[in-house]
Structures are given as structure tokens and as C-alpha cells.
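Visitor: Give me the fold of what follows.
(2 chains)
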Amino acid sequence: MILGYLGAGALLAALVMGGFSALLSFWSGIRQSATFIQVGRRAFYAAAAMTFLSAVVLEVALLTHDFSLAYVVEHTDLSTPTALVAAAFYGGQEGSLLYWTVILGVLGSASLLASASLGGRVAAYAAGILASILTFFLFVLAVVASPFDVLSMAPPDGLGLNPILRDGGMLIHPPVVLAGFASFAIPFSFACAALLAGRVDAAWITHTRRFALLAWSLQTAGLLLGMWWAYHVLGWGGYWGWDPVENVALMPWLATTAYLHSSQVQERRGRLRLWNFGLVITAFLLVVFGTFIVRSGVVPSVHTFAISAIGPWFFGFLVVCLLFSAVLLTLRSNLGVEAKPAPAVSREGAFVLQNLLLLGVVAVVMWGTVLPLVSGMFGVQRVAGASFYERAAGPLLAAILALLAVGPLLPWRHAGRATLRALRWPVAAAIVALMVLLIAGVRSAPALVAFPLAVAAGATALTEYARAALRKPRSLLRKRRRYGAYLAHLGLVVAVTGVAASHFGQQERDVTLQPGEAVTVAGYSLTYAGSERRQLTDHTEFVAGMRFGDQTLEPSRATYAGLGGQALTHVAISTTPTADLYVVLAGTNPDGSATFRVFVNPLVIFIWAGGAVIILGVLLGNVGERSAATELARRRIPVTLPA
Amino acid sequence: MRWGLPAAVVAACVGYLIYSASGGATEYYMTVSELQAHATAGDVRVAGVVQDDVQKSDGLHVTFTEKDGTASMPVQYTGTLPDIFKPGITVVVEGKLGGDGVFHARTLLAKCPSRFSTQPYVK
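Guide: Next up, the predicted model:
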């Protein structure tokens, strides 16, 4: 009870401080008053601290089973394991919003700490925009969806967590995705601040580079963890279903991928200034759009979770952000005028083409996501199936893969004959790969395009490493941003190979077996050994034994009597170097036989391994990089207002 | 540099890809009564509530009646069932309505009432 009031009070205090920080920061930025700029910034820190306090209160309430709070009752019970009780903090609508707000407060504070070197106005406006976003979230938390609603009578026990969520994936996937989403606000705020202040230089890019990389890395990890979780838990044999909830997480990731590449053109060559502003703004708007889609339920989705009253509020927020950004970009469009055109065949050109293609993929995914809404306005709703995305986005993804092979070999400014010579290795590798596939009997055209292109892109990254190692081994360490990026490219190639192999090569078979009977799928032989019933504390488990070589796979079905007999399937997966054997127990029959669905998914482990290499590449490429402040000093960017 | 032309070319390609894929790869999403009002030849997705007459012949074959308030139709499905499948839940079936009036479902998705909580608590 007391915790409920304490938490609600902290939220209210944070709301007041956030609103104060927003107003004061904008006002002092216009007036260029150094003192008030600092006060505005400190008000933001205070709002972040109060938000953090309310989060601590909620976590304490969860861990102490304070069932006077509706949130604690709805998401936990006394039998829930402690780790999952702690995870319930972000497991529900209100708590996940609070988690998001805390991350925004903490990262926002971190980004504001060193912001004075950007100049008073940019720093002030950035604080103002960050504080405005924070205030919006705090308002929703305090007024519309409070995690601190107190029940008039505390029940003896809570309702508990849905069994599907009682899984290790619950502990890592949601916090990483939500933190990724929240961190997009920082590059957005500094980009808008630079636009407001009329600053065209790349200082805002350098200052927020770490936050953009953090947002991108978290989002990459979040997407991969979500795929991994779905693959291991849901039992339909795949990891990506083009569901709206997945799509809206993919779109900001694509836009940020574009930005991480195009921002280098501005840092290195001073070009694409307005474009970079546009990309960062687009990425943030896509995050807000995604939140609105997920939380409002306007689009049919398998995950119709967490639908609540906050939908209209997020729609309003999206409209305000959209109008603000559009007006800002239009007013400052003169900043984008560039001196003279650069030749199309150059590193710059490759980055621009890659950006356009990535945005093309965003457009495809966006159309597929909103199609039910749009078509519903003109008649019967239509939905886009997986084949829509494959047919529309597939060619674009192939073109991006081709650019991954060519782009890194193109020099800045213009390409000459030397570039053509450099292309011989990737081209040769692609031809060899194509031959091997043809000899192996692969005849699917998309597969014959995807694999050779992936091999070529891998060859490009490897030749770049070889060249550096032979000529200037020290540059591998000194230019680690560059070679870290190539490592990320290599990881992507590995992951793409895994995606393509499991997509084109998946085999599945439904089979009913008597104990002792065997089945062979894609050359893998499985023998049904029999099944047993296990009675556990809150559920009954029906476990089937499947012998595969010298191991026994145990796909099972659990039934939770306390939850209206809800069933839960446990997939059994055996990973071999070339494929995953994925066995689902579909049901058991009165005659003692059992029915299975068996998938053979080639190279799925490449996806997880490649994903880990991508993140490793980004980390290695940026750990120990010069700090933003020294970078700015080195570039002799005038510092107008000292801290 | 002037990127208007390449941007226009890429935009045109993306537009064409979306347009051509929309033709064959999108499906109608309707309720049972909407399906009975407009018969469609291609695959459709139909949402409705599972009635009490669920019959499983083995783990993979199931027949049941799907209803949306006014209209109902028999559904036949072969495949693994979602864990929460039972009478009373809303499902989305994807497939074709046969000449015999039976809907032959290729996929069957269950709509979770809520992913995060088991049921709303009455405040």
C-alpha cells in the first residue's frame, strides 16, 4: 500500500521536473542563458532520478509480493520463480513503459553530461527535446497507465505469469528490445536540436555516435533474441513470421543501419547533411509508430498483447513528432545545399544506394504492416502473407548483399581501374560458389542468387583483412572502426547464409509412430522410444523419447491444470554442424502411438553465431575509440559555450 | 551530388515490387459472415470463435465449427495445434472454402487473449 503511494509520488515528482526541464531548456536556449541551460539540464537529471526511484519501488513491491498493487497481482503469484518475479517489472504494459522511461532518463542524462561542448543552444534544445519526450512518457505513466494502481482489497495471491512467458527468453529479450527502442530518442533529440540551432556540421553525429551504435546494437541483439526465443519456444519450426510486432521492430533497425553508414559520408566528406537528419528522425518516428501499432491493436496480429487505453495517446504523440520533424526539416532545407555533385561510382555513391535500398525494404515492410488498415478503409481487409515480403523485399535484399560485396572496395570520391582489379576476388568467389551449387543440384533461382552474393560479400571483407595484414598490420588496430565494421559485415554474411539455408532448405514431415518405430527425415533417422507421464507441482508433463544417434530428444507437452488446462509444447532441438533437428510432439493417441512434426532446418546455428559476430564487430570497432570531446577538439569545431 | 535520379529509379523499383507482390501474395482477412457474403476463389484468412464440437482424430487432424456471432462454418485442419487451442478461443484460419461448405485450413493461429497476463483482474 505504502509502496503504491511512494511510487506514484515519485512519478508525479518526475513529471513535474521533466515538464520544468523541457520549458526551461527551450526558453534558456532561445535566450542563450548559460546558467539556466545548466539548470534545465539538472532538472532533467532530477526527473531521471525520480523515475529511477519509482522503478526501484515497483521492483521492491514485486519482490516483496505486495498484492495491494494491481500490477503485482496481475503479473506474478507466490509460486513464480524469483527471477521471473523480477522480470515482471517489464512484463506488463505499465511496467514496460516505466522501464522504457527509466532507460530514456538514464541514457538521456548520460548524453547531456558532455553536451556543453556542442554549444549552448544545441545542448539546451537537446535537453528540451529529451525532457519533452520524457515528460510525455511520465504523463502516460502517471495519468493513463500507472503501475501503482492500488486495489481496495489485497488478494492473498496473484494471478501469475502465462506459462509461455515462464522461460529464460523472458529474462533477456524484452529488456534488450525496450532499451533499444528507448535509446533511439537520443540521436533524434540531438539531430533536432542541431537543426533548431541551424548547425550543419557533423558535431551532433560525433556526439551521439555511441548512442546510435548502442541503439543499433541493442536492437540487433533484441531482434536476434526474439528470433531465438520464438524458434525454441513456439514450435512452428521457424524464427520469423512477418507478424506486425516483428515488422515494427525491424523497421527502425533498417533505418538506423542506413544512418550508421550514411553518417560516415558526412563525417568524412561533409555531404548528406539533411539526409542524415532525415534518417535519424525517421528511425525515431518508426519506433513511436511501432509502439503505437503494438499497443493499440489496430492491426491484426498473433500477439494481441497489452492493448489498452494508451493507444490514442501514442497516436497523438506520433502526430506531434511527425509534424515537428516535418516543419523542422522544411524550415532548414536550405542547410542541405551542397557544393558540387560527386561521381556516382564511389564510396559515397555506394552508401547512398545502400540507404535507398534499405529504405525500400522499410517501405515494403511498412506497406505489408499497414495493409489491413488501409484495405479495411476501402472494403474487406486484406493481409500480407510471408510470400508478399519475400517477393517484394527479396530482390532489394539481394541488391544490398551485392553492394556489401562491392561497396567496401570503392574508394571515396571516385573509382578507377584499381577498383575493377580489386573486384576480382569477390567475383571469382561468387562464380565458384555458383558452380558448386549447380553441381550439388540446387536449381532454385533465389538460392542461386543469395548464396553466391553472400560468398562474394564474405570474400570482400576477407580480402580487406588480408590486404591490411600484408601491407600495414598495425592499421588493423589503429583503424579499428573500419576493421570492426568489416567483422560486422562478415557476421552478417554468416547470418544471411543461415537465413538463406534454413529458408530454402527446410524440410518437414508429420508422422505417427508406435514405440520402436523409426522415421527418416532428410537423412536423419529418429526412433520413437516410448513416452512417460510426469506429475510436477503445477503441471503434468507428457514426455516422448526420440532416439537420435546416441542422444535422446525429449519433446513434450505440459498441461497446467490451474490455468484452465492450458497446454504448453516443449520443442526438442538437436543441433548438428549442418542442420537443426527440430521435433514437436503434436499429440498422443489411444493406441500408444504418438504424432510428431519433425523439421530439419539447415544451418540455423549460423544465424545466432553470425549475429554474435556482428555485435562483437561493433564492440571491437568502437571500444577505446577517441571520446566524443577529443574527436570534436581534433576536428577544430568551435566551442561556443564552455561548460 | 544529385541523387534525384537514382532515388527515383529505386523508388520506382520498390513501387513495382510492392505492386506486383500485392497481387498474388496478399489475402483477404474476414469474419465467417463476410466470407459467406463474398465467396472468394483464392486463399483467405477467417477469424472466429471455436465452438464445442472439436474432434481430433489423432494429434494432427482436427475438425471444429468456427462461429462469429451470426454465421458459422465447419473447419478441417491438419497440422500442429497452438497450445492454447480449445473451445471458446478466437482463431484465425488460413485456407480455402471448399465446394462442400467445409473450410480447409492450411494454417491455424490462435489469438492470445493477452500475452502478458492470464486474465485481467477486476479492480
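
Visitor: What parts of the stretch 401-550 of chain A come near chain B?
Guide: Proximity of the stretch 401-550 of chain A to chain B (C-beta under 8 Å from any C-beta of the partner chain) is limited to residues A:510, A:512. Where C-beta positions appear, they are placed from N, C-alpha and C, glycine not excepted.

Visitor: What are the boundaries of the helices in the stretch 401-550 of chain A?
Guide: Secondary structure of the stretch 401-550 of chain A (DSSP state H, counting those that start in this stretch): helices located at A:417-422, A:424-439, A:445-471, A:475-478, A:480-505.

Visitor: Show me which residues of the longest one are buried.
Guide: For helix A:445-471, a neighbour-count test (16 or more other C-beta atoms under 10 Å in any protein chain shown) marks A:447-464, A:468 as buried.

Visitor: Quick one: low-confidence residue ranges for chain A.
Guide: A:297-298, A:300-308, A:336-343, A:562-565, A:624-643 (pLDDT under 70).

Visitor: Go through the residues of it and report the one nearest to chain B.
Guide: Residue nearest to chain B within chain A (C-beta to the nearest C-beta): A:G587, separated by 2.3 Å.

Visitor: My read is that that residue contacts A:A594, right?
Guide: Yes - the pair A:G587 and A:A594 passes the contact test of C-beta atoms under 8 Å, sitting 7.2 Å apart.

Visitor: which of those two has more neighbours?
Guide: Set A:G587 next to A:A594 and count neighbours by other C-beta atoms under 10 Å in any protein chain shown: A:A594 wins out with 26 against 20.

Visitor: Determine the three-state secondary structure at the residue positioned nearest the centre of chain A.
Guide: For chain A, the residue whose C-alpha lies nearest the mean C-alpha position (C-alpha atoms, centre = their mean) is A:Q219; its distance is 2.5 Å. Following DSSP: H, G, I helix; E, B strand; the rest coil, we place A:Q219 in the helix state.

Visitor: show me what contacts it?
Guide: A:Q219 sits next to A:177, A:180-181, A:249, A:252-253, A:256 when contact means C-beta atoms under 8 Å, 6 or more residues apart in numbering or on different chains.

Visitor: now that we have the residues you listed, which one has the most neighbours?
Guide: Busiest of those [other C-beta under 10 Å] is A:T256, holding 29 neighbours.

Visitor: beta partners for the most centrally placed residue in chain B?
Guide: When C-alpha atoms, centre = their mean is applied to chain B, the residue found nearest the centroid is B:R45 (3.1 Å). Beta-bridge partners recorded for B:R45 (DSSP bridges): B:Y29, B:E94.

Visitor: hang on, it packs against B:E34?
Guide: No - look at B:R45 against B:E34 with C-beta under 8 Å: they stay out of range, at 11.0 Å.

Visitor: Excluding chain neighbours, give the residue nearest to the residue located most distally from the centre of chain A in space.
Guide: What lies farthest from the middle of chain A is A:D591; by C-alpha atoms, centre = their mean that is 46.9 Å. Leaving out its chain neighbours, the residue that sits closest to A:D591 by C-beta to C-beta, 6 or more residues apart in numbering or on different chains is A:Q514, at 7.7 Å.

Visitor: Residues touching the host helix or strand of A:F324, excluding its own?
Guide: Per DSSP states H and E, A:F324 falls inside helix A:310-331. Applying C-beta under 8 Å, 6+ apart, the set of residues contacting helix A:310-331 from outside is A:93, A:97, A:136, A:140, A:144-145, A:192, A:195-196, A:274, A:277-278, A:281, A:284-285, A:288-289, A:291-292, A:295-298.

Visitor: Extract the CA atoms of it and return them as CSV.
Guide: Output of helix A:310-331 as CSV, limited to C-alpha atoms (Å, rounded to 0.1, in the frame of the first residue of the first chain):
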residue,chain,number,x,y,z
ILE,A,310,-2.6,4.2,-24.2
GLY,A,311,-3.1,3.7,-28.0
PRO,A,312,-4.7,7.1,-28.7
TRP,A,313,-2.1,8.8,-26.6
PHE,A,314,0.7,7.3,-28.6
PHE,A,315,-1.1,8.2,-31.8
GLY,A,316,-1.2,11.8,-30.7
PHE,A,317,2.5,11.6,-29.8
LEU,A,318,3.3,10.2,-33.2
VAL,A,319,1.4,13.0,-34.9
VAL,A,320,3.1,15.7,-32.9
CYS,A,321,6.6,14.2,-33.5
LEU,A,322,5.8,13.9,-37.2
LEU,A,323,4.6,17.5,-37.6
PHE,A,324,7.5,18.8,-35.5
SER,A,325,10.1,16.9,-37.6
ALA,A,326,8.4,17.8,-40.9
VAL,A,327,8.3,21.5,-40.1
LEU,A,328,11.8,21.5,-38.8
LEU,A,329,13.2,19.8,-41.9
THR,A,330,11.3,22.1,-44.2
LEU,A,331,12.4,25.2,-42.5
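
Visitor: so what secondary structure elements neighbour the helix or strand following that helix?
Guide: Using DSSP H and E, the helix or strand that follows helix A:310-331 in sequence is helix A:347-377. Packed against helix A:347-377, as judged by 3 or more C-beta pairs under 8 Å, 6 or more residues apart in numbering or on different chains; DSSP states H and E, are the following elements: helix A:244-269, helix A:273-296, strand A:382-384, helix A:386-406, helix B:4-25.

Visitor: Buried by neighbour count: which residues of the longest one qualify?
Guide: Neighbour counts using 16+ other C-beta under 10 Å place A:244-267, A:269 of helix A:244-269 among the buried residues.

Visitor: Where do the strands of chain B begin and end?
Guide: Counting by DSSP state E, one finds strands in chain B at the ranges B:26-31, B:44-50, B:55-56, B:61-67, B:72-78, B:90-97, B:103-110.
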